[in-house]
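Trainee: structure, please.
(chains A and B)
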There are 2 protein chains.
Amino acid sequence: MDMQRQILELKEQVLSRESLPVDISRYDSIVVAGMGGSGVTSLILSDLYQEKPVFSVMGYDLPKFVDKKSLFIAVSYSGNTEETLSCFEQALERGCDAVAITSGGKLAERCSDRIMVPAGIQPRSALGYMVMPLINTFLGLTDADRKRISDAIAGMFRRENEIRTHARRIVERKMLPVFIGDTSSRGVVTRWRTQINENSKLIAYSCFLPEANHNDTVWMANRSWPEKDITVLSGGEPRIEKRIRAMEKLTGLTFNRISHSGGVLERNFAWIAYGDMLSYHIAVERGVDPEDVSVLTRLKNEIA
Amino acid sequence: MDMQRQILELKEQVLSRESLPVDISRYDSIVVAGMGGSGVTSLILSDLYQEKPVFSVMGYDLPKFVDKKSLFIAVSYSGNTEETLSCFEQALERGCDAVAITSGGKLAERCSDRIMVPAGIQPRSALGYMVMPLINTFLGLTDADRKRISDAIAGMFRRENEIRTHARRIVERKMLPVFIGDTSSRGVVTRWRTQINENSKLIAYSCFLPEANHNDTVWMANRSWPEKDITVLSGGEPRIEKRIRAMEKLTGLTFNRISHSGGVLERNFAWIAYGDMLSYHIAVERGVDPEDVSVLTRLKNEIA
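Mentor: Here you go, the predicted structure:
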């Protein structure tokens, strides 16, 4: 299945009713270990869920404070990610309840409380399968909620011409793609950035408001290399919108805005769909293969 | 005092023996609110201290889960940062014990348990004054520890010729500065990036290992715009060093490495000194004023 079809599948994947086999009221905090396309699920979750702390672990080791009062969740599409397996072993040693979201590998062998997701696609193209068990569990979604998310994604995919125009501008002018989120879309801008890395084979930059008003705004006000294409993903919070207007006025820049409707769930998933499609079209315009991330596999083999 | 002298002051600032007036054993977690040059202190702390969770809040609102079992720390050099004041009020409403690190402003008026730092310099140049009360408190440093940190910083400042050469290369070739950290230097690479923003008026990019091996490595393996100057700040952990060697082999890139000695404390502060000085020399080479961040002040006035 080619990358564009994999991307379009997101609107079906988010209909997944899978939920983790846990009682979340029993835990003080949630620790999600995962890397890359699997790990970004923890950021997407923590933008939406703040009833308990969600710690994203992107590395080999759990922080010292993690103990059996934490629920441990390993997310690894392949089930063989060495960092995530290392965290899984540490979680068991510390007496944590551990669950997994995976398509197989050693994680599926070692962890009996798990959600199995379909195998055989690129990990980054299984985002819906991997993130929905988290969101269903912690946000208690209904079928109607999932349908609204799916419809919002489908609506964004219908704007493919607009997305292709955006991709062409970036490629024709050899611009650095810059994505500015807010505190409810940090996972989304991270997803955009990493999809540009893997699908488009380009570096991209992400930051978020209001923090970007304390540092990034300085480069925005000073014309310098490289040329940037700047997109702002704001949920419309009045204090943030005021900042965006002030930034445009003081820097003379005009930011891309992606219109949206609905609440934070629909919005964030619709934006993810836009970014996925943008990364695909940048690859097409550049003439690179969006699916090929063989260097990551070669790197895994090199260090094995 | 010009920016270079402000930067050199770091080696004296880290001798500060100030400590927060709290008993940390009484709290389940630590919540540090702060933005920009003040907020980065929380990232520097959380790289070094993992006995309890440290939450960095860079925005207007505390996460819902913050309650009176958390110690709340507001870090605002001016004492008038609107996001940090908003978090401070929320912390009081939730019954948190609250302490502050500030040079004055509304925060000094409203918060009686506070560390006062010297006023009249740029917030980003007061890093030592602001971060040492955190590190002294949570790591229990001695005078000898602080002396070693100060000596490591002074040693790095003696390498100014090497740093100037690095700055010249970036400016002459109009490169995008890229900084790759590891899980013990995330605060350091964030500091480097934001110092480049504010002092050099340039965009810069930071990421960290091993996460960068799941996405960024793809752009490294594909030559494309913009040209990058890539520096790796690794503490020497064998699994990370193996990854760096594999990355260089597979991508054909050569990364800058900044030699260092000593433990994580000396290393991280010496690197901060390098990045501060690098950002200064990039400004000089570009002919921009490293001290001028008037756009940030204008933005604050615009939204007030």
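
Trainee: now do the contacts for the closest residue to residue A:53 other than its chain neighbours.
Mentor: If you skip the residues right next to it in sequence, residue A:53 has residue A:29 as its closest partner in space, 4.4 Å away by Cβ to Cβ, 6 or more residues apart in numbering or on different chains. All C-beta spots, glycine's among them, are computed from the backbone N, C-alpha and C. Contacts for residue A:29 (Cβ atoms under 8 Å, 6 or more residues apart in numbering or on different chains) come out as A:52-55, A:69-71, B:53.

Trainee: what are the buried residues along stretch A:222-239?
Mentor: Buried residues in stretch A:222-239, counted by 16 or more other Cβ atoms under 10 Å in any protein chain shown: A:222, A:225-226, A:228-235, A:237.

Trainee: end-to-end on that stretch?
Mentor: One end of stretch A:222-239 sits 24 Å from the other (Cα to Cα, to the nearest Å).

Trainee: filter the buried residues of stretch A:222-239 by proximity to chain B?
Mentor: Under the cut-off given by Cβ under 8 Å from any Cβ of the partner chain, chain B has A:222, A:225-226, A:228 from the buried residues of stretch A:222-239 close to it.

Trainee: rewinding a little: strands - which of the buried residues of stretch A:222-239 land there?
Mentor: Among those, DSSP state E puts A:228-232 in strands.

Trainee: so which of the residues you listed comes closest to residue B:253?
Mentor: Nearest to residue B:253, judged by Cβ to Cβ, of these is residue A:228 at 22.6 Å.

Trainee: so how far is chain B from the nearest residue to residue A:84 once chain neighbours are set aside?
Mentor: Spatial nearest neighbour of residue A:84, excluding adjacent residues (Cβ to Cβ, 6+ apart): residue A:76 at 4.3 Å. Distance from residue A:76 to chain B, counting by Cβ to the nearest Cβ, to the nearest Å: 11 Å.

Trainee: what's the burial count for residue A:76?
Mentor: Other residues near residue A:76 come to 31 when the count uses other Cβ atoms under 10 Å in any protein chain shown.

Trainee: tally of neighbours for residue A:78?
Mentor: 17.

Trainee: now the residue nearest to residue A:104 when sequence neighbours are not counted: phi and psi?
Mentor: The shortest distance from residue A:104 to any non-neighbouring residue, by Cβ to Cβ, 6+ apart, is to residue A:79 (4.8 Å). With angles defined as degrees, to the nearest 10, residue A:79 sits at phi 80, psi 0.

Trainee: what separation do you get for residue A:79 and chain B?
Mentor: Counting by Cβ to the nearest Cβ - residue A:79 and chain B are separated by 15 Å.

Trainee: so what's the residue count around that residue?
Mentor: 25.

Trainee: so residue A:206, which state does it fall into?
Mentor: Using DSSP: H, G, I helix; E, B strand; the rest coil, the structure places residue A:206 in strand.

Trainee: do I have it right that it meets residue A:181?
Mentor: Yes: in terms of Cβ atoms under 8 Å, residue A:206 counts as a neighbour of residue A:181; the distance is 6.8 Å.

Trainee: find residues that contact each of those two.
Mentor: Common neighbours of residue A:206 and residue A:181 (Cβ under 8 Å, 6+ apart) are residue A:189.

Trainee: so these two - more neighbours on which side?
Mentor: Per other Cβ under 10 Å, whichever of residue A:206 and residue A:181 has more neighbours is residue A:181, with 27 against 23.

Trainee: ok, and the closest non-adjacent residue to the more buried one?
Mentor: Spatial nearest neighbour of residue A:181, excluding adjacent residues (Cβ to Cβ, 6+ apart): residue A:189 at 3.8 Å.

Trainee: and the one you found, how far is that from chain B?
Mentor: Counting by Cβ to the nearest Cβ, the gap from residue A:189 to chain B is 13 Å.

Trainee: right, and that residue touches residue A:211 too?
Mentor: No: Residue A:189 is beyond contact range of residue A:211, at 11.9 Å (criterion: Cβ under 8 Å).

Trainee: need the contact list for the residue nearest the centre of chain A.
Mentor: The centroid of chain A falls nearest to residue A:191 when counting by Cα atoms, centre = their mean (3.5 Å). Neighbour list for residue A:191: A:40, A:43-44, A:127, A:272, A:275-276 [criterion: Cβ under 8 Å, 6+ apart].

Trainee: the residue in the stretch 151-300 of chain A that chain B sits nearest to: what's it in contact with?
Mentor: Going by Cβ to the nearest Cβ, chain B is nearest to residue A:214 of the stretch 151-300 of chain A, at 2.8 Å. Shown in contact with residue A:214 (Cβ under 8 Å, 6+ apart): B:35-37, B:39, B:194, B:296.

Trainee: if we use 10 Å, what do you get?
Mentor: B:34-40, B:58, B:81, B:83, B:123-124, B:194, B:197-198, B:293, B:296, B:299-300 (Cβ atoms under 10 Å, 6 or more residues apart in numbering or on different chains).

Trainee: what about the closest residue to residue A:54 other than its chain neighbours, how many residues nearby?
Mentor: Once flanking residues are discounted, residue A:54 sits nearest to residue A:46: 4.1 Å by Cβ to Cβ, 6+ apart. Counted with other Cβ under 10 Å, the neighbours of residue A:46 add up to 20.

Trainee: element containing residue A:46, please.
Mentor: If you go by DSSP states H and E, residue A:46 is part of helix A:36-48.

Trainee: put the alpha carbons of the host helix or strand of residue A:192 into CSV.
Mentor: Assigned by DSSP H and E, residue A:192 belongs to helix A:186-195. The C-alpha trace of helix A:186-195 is given here as CSV (Å, rounded to 0.1, in the frame of the first residue of the first chain):
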residue,chain,number,x,y,z
ARG,A,186,2.2,20.3,21.1
GLY,A,187,1.7,16.7,20.0
VAL,A,188,0.3,17.9,16.7
VAL,A,189,3.3,20.2,15.8
THR,A,190,5.7,17.4,16.8
ARG,A,191,3.8,15.0,14.5
TRP,A,192,4.0,17.5,11.6
ARG,A,193,7.8,18.0,12.2
THR,A,194,8.5,14.3,12.3
GLN,A,195,6.3,13.5,9.3
